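Engineer: Sharing a sequence plus its predicted fold:
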Amino acid sequence: MSKKGEWAPLSNLFDNATKKSKKKMRLIINDHDRKLEIAKDDDPEIEAMYDITHPKKLAYNLLITQWESGKGIGKGDTKEWTNLLDEINDTVLDFWEGQVTYYFPVRTPTYIAIFPGGRMAITSDPYEDRLAALDALSETLSNYTQLAALKTTVDAKVAEVHLARKSQQSQYDKVDVKSTELEEMRVELANLLDDNLCKLKVKYRQNLSMVENFYDLSLLRKNVSDEDFMFQSEGTVEAGASFLVTLPKKLVISTNATCNFMNQSGLVDLQFFFVANGTNLDNPLKITVQSNETIETTAAEAGWAPGMGFLVVKNMGTMSAEFDLSVMAATETEGEGG
């Protein structure tokens, strides 16, 4: 739809078609670039268009990859800092509270001063509030010489949490910058595609149907969003068992689609691989991810082949484990038959 009061033929159909999807623009520019490349050897005008289009396509694909990779790193950083807070809840807080109650029993004025919100403020509030409660605990402990050693321990742990939180926030700041760069380049590509369309219409004025050979009209007409190109899932797989993840049919996977496999367990290895159906949960090609590690790979390296619509997460250990995975449509389509 054109802007209010704007003559419809003046609107940029490539901008309109990709406003909601940076990844849709990637598919459109990849397709257009490939079609220019096919025709350029026999036509200097097409070659000139290709020479301008191709480097911009490569730059856009790189930005998409950096943007997605940055979001994945940010997700891992988020898990890192929240895990540290959960660790305090699970293994550290009992020791800290024991050190306090050795000198100041529960419900005494000093105990209440040190833990004004009780344990709940550190264990059950939102993560940001829990961090604030830890900062307050550190500050309060400085008033009691009996707890000087405890304060040193608390300060070290709180500093570790703050460092992880700062890293996570910094990473998402980088993602925001990359997202802005990507949007600016999406608009630049939309203008370039429109420029090329105008040049092609002039070139083939006597046979306008030739222009259609340089664009995938189905992509321009398809109403999609970025979520159509990215699939994410998480779950828990029991000891020695396999977890079957069904991939959405609208997700078009190719051999170099980017896969991120995260093993959130601290004790067991997990295997990730593609299968064609839910009856044969095996594949000679597998990606093994050790405890607390993340591996980025391609769909082909994880055993993908045309027709495979499922991912298997196999637990190789003797206790349950949490996993996280994502599959992003390929950033390059050359040589894959579209």
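Structural biologist: Yes, it's here. Because the structure is predicted, anything quoted here is derived from the model rather than measured.

Engineer: Around residue 248, count how many other residues there are.
Structural biologist: Neighbours of residue 248 under the rule other CB atoms under 10 Å: 10. The way it works is simple: take the backbone N, C-alpha and C, and place the C-beta from them, glycine included.

Engineer: and what of residue 111?
Structural biologist: Residue 111 has 17 neighbouring residues, counting by other CB under 10 Å.

Engineer: What of residue 325?
Structural biologist: Counted with other CB under 10 Å, residue 325 comes out at 22.

Engineer: Next, the buried residues of the host helix or strand of it.
Structural biologist: Applying DSSP states H and E as the criterion places residue 325 in strand 321-328. Buried residues in strand 321-328, counted by 16 or more other CB atoms under 10 Å: 321, 323-328.

Engineer: Residue ranges in this protein under the pLDDT threshold?
Structural biologist: In the predicted model, the chain carries pLDDT under 70 at residues 1-9, 221-229, 329-338.

Engineer: can I assume residue 301 sits in a strand?
Structural biologist: No. Assigned with DSSP: H, G, I helix; E, B strand; the rest coil, residue 301 falls outside any strand and is coil.

Engineer: Find the nearest non-adjacent residue to residue 238, please.
Structural biologist: Spatial nearest neighbour of residue 238, excluding adjacent residues (CB to CB, 6 or more residues apart in numbering): residue 320 at 5.0 Å.

Engineer: correction: residue 216
Structural biologist: Setting aside the residues directly before and after it, residue 216 is nearest to residue 31 in space (CB to CB, 6+ apart), at 4.6 Å.

Engineer: residues near the one you found, how many?
Structural biologist: Using other CB under 10 Å, residue 31 has 18 neighbouring residues.

Engineer: now swap in the one 3 residues further on and tell me
Structural biologist: Using other CB under 10 Å as the criterion, residue 34 is surrounded by 19 other residues.

Engineer: what's the distance between it and residue 89?
Structural biologist: Plainly put, residue 34 is 53 Å away from residue 89 if you go by CB to CB, to the nearest Å.

Engineer: Kindly report the same for residue 115.
Structural biologist: Using CB to CB, residue 115 is found at 14 Å from residue 89.

Engineer: Overlap of the contact sets of the two?
Structural biologist: Common contact partners of residue 115 and residue 89 (CB atoms under 8 Å, 6 or more residues apart in numbering): residue 122.

Engineer: So between the two, which is more surrounded?
Structural biologist: Neighbour tally, residue 115 and residue 89, criterion other CB under 10 Å: the higher count belongs to residue 115, 23 against 14.

Engineer: ok now the one helix or strand residue 70 maps to, how far from the chain's centre?
Structural biologist: Assigned by DSSP H and E, residue 70 belongs to helix 44-87. Its chain's C-alpha centre and that of helix 44-87 lie 10 Å apart, by CA atoms, centre = their mean, to the nearest Å.

Engineer: Which helix or strand lies directly C-terminal to that helix?
Structural biologist: Next in sequence after helix 44-87, counting helices and strands by DSSP H and E, comes helix 93-103.

Engineer: Off-centre distance for the following helix or strand past that next one?
Structural biologist: Per DSSP H and E, the first helix or strand lying C-terminal to helix 93-103 is helix 109-114. Chain-centre distance of helix 109-114: 44 Å, with CA atoms, centre = their mean.

Engineer: List the buried residues of helix 109-114.
Structural biologist: Buried residues in helix 109-114, counted by 16+ other CB under 10 Å: 110-111, 114.

Engineer: Which single one of those residues is nearest to residue 10?
Structural biologist: Nearest to residue 10, judged by CB to CB, of the buried residues of helix 109-114 is residue 114 at 68.5 Å.

Engineer: Is that closest one in contact with residue 138, as I believe?
Structural biologist: No. Contact criterion CB atoms under 8 Å: residue 114 and residue 138 do not qualify, at 10.5 Å.

Engineer: Quick check: the residue nearest to residue 238 touching residue 243?
Structural biologist: No. Using CB under 8 Å, residue 320 is not in contact with residue 243; the gap is 10.2 Å.

Engineer: Look at the two and report which has more neighbours.
Structural biologist: Between residue 320 and residue 243, counted using other CB under 10 Å, residue 243 has the larger neighbour count: 19 against 14.

Engineer: hang on, the earlier thing: overlap in contacts, residue 320 and residue 243.
Structural biologist: Residues touching both residue 320 and residue 243 (CB under 8 Å, 6+ apart): 236-237.

Engineer: thinking again about what came up before, partner strands of the strand holding residue 325 and their direction?
Structural biologist: strand 230-237 (antiparallel), strand 258-263 (antiparallel) (DSSP bridges).

Engineer: quick one, which of those strands is nearest to residue 18?
Structural biologist: Nearest to residue 18 among these is strand 230-237; the distance by CB to CB comes to 15.5 Å.

Engineer: got the CA positions of that closest one in CSV?
Structural biologist: Coordinates of each C-alpha in strand 230-237 appear next as CSV, following Å, rounded to 0.1, in the frame of the first residue of the first chain:
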residue,chain,number,x,y,z
MET,A,230,14.1,-18.8,12.2
PHE,A,231,13.0,-21.6,14.4
GLN,A,232,13.9,-21.9,18.1
SER,A,233,13.1,-24.6,20.6
GLU,A,234,14.2,-25.7,24.1
GLY,A,235,13.4,-28.5,26.4
THR,A,236,14.6,-31.3,28.7
VAL,A,237,15.6,-34.7,27.5
